[in-house]
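Undergrad: Structure for this input, please:
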Amino acid sequence: MQVNGQLQARLVEAALAGNIESFGELCTYYYPSMVAIAYAVLADHQLAEDAAQEAFAKALTNLGKLNNAPKFAPWLARICRNTAVDMVRVKARQASSDDFSQLPDARTDVPDAEIVRDAIAGLPEHDREVIVLRYYNSLSYEQISAVLGVSKAAINGRLTRAKQKLAEHLNRNGFWES
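TA: Numbers count the residues shown, from 1 in each chain. Okay, here's the model as predicted:
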């Protein structure tokens, strides 16, 4: 299903009027993007799925607070991002009481994919979001723009800066050395 601005507005208006099927269609379309946004915060796919589902539940509960139907996607993205951040806080509180004495001091023989994931995890949240949406979810600049509520030019700039930061991190850590 492809959701353009007009269709999205009609679906949101129908959902506001109590049509739960319309909200379900919005959920179906935006679910992968919300998982990607949550993943950018949580770096855990299962937790990201939980955060996305929780964000949809919150959005449904608070749909009456949405003032501008065409801004549904950025509004939903903000709810999802906040939900993921809350989950990080809970996880951090739990971790502070855990015993870390059994963890190894250093990782050895880490596969390349893990090195890249670690580099992405080290990016600021807004950079991780665009990287995950573009390269893990294969969204176009236009789709990312719609989900995040920023211009395509801004998406291009964010991706360019994020890729530069990734390259610098990987160079510093000898990723391309043979």
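
Undergrad: Which helix runs longest in this protein?
TA: helix 72-96 (DSSP state H).

Undergrad: so what secondary structure elements neighbour the next helix or strand after it?
TA: Remark: after helix 72-96, the chain's next helix or strand is helix 112-121, criterion DSSP states H and E. Counting contacts by 3 or more Cβ pairs under 8 Å, 6 or more residues apart in numbering; DSSP states H and E, helix 112-121 is packed against helix 125-131, helix 152-172. Where you see a C-beta, it was placed from the backbone N, CA and C, and this is true even at glycine.

Undergrad: just the angle between helix 112-121 and helix 152-172, please?
TA: 120 degrees (axes from the mean of the first three to the mean of the last three Cα atoms, to 10 degrees).

Undergrad: got the buried residues for helix 112-121?
TA: With burial defined by 16 or more other Cβ atoms under 10 Å, the residues of helix 112-121 counted as buried are 115, 119-120.

Undergrad: can you list those residues in JSON lines and add pLDDT and distance to His45?
TA: Formatted as JSON lines, those follow (pLDDT from 0 to 100; distance: Cβ to Cβ, whole Å):
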{"residue": "Ile115", "pLDDT": "76", "distance to His45": "18"}
{"residue": "Ala119", "pLDDT": "82", "distance to His45": "18"}
{"residue": "Ile120", "pLDDT": "85", "distance to His45": "13"}
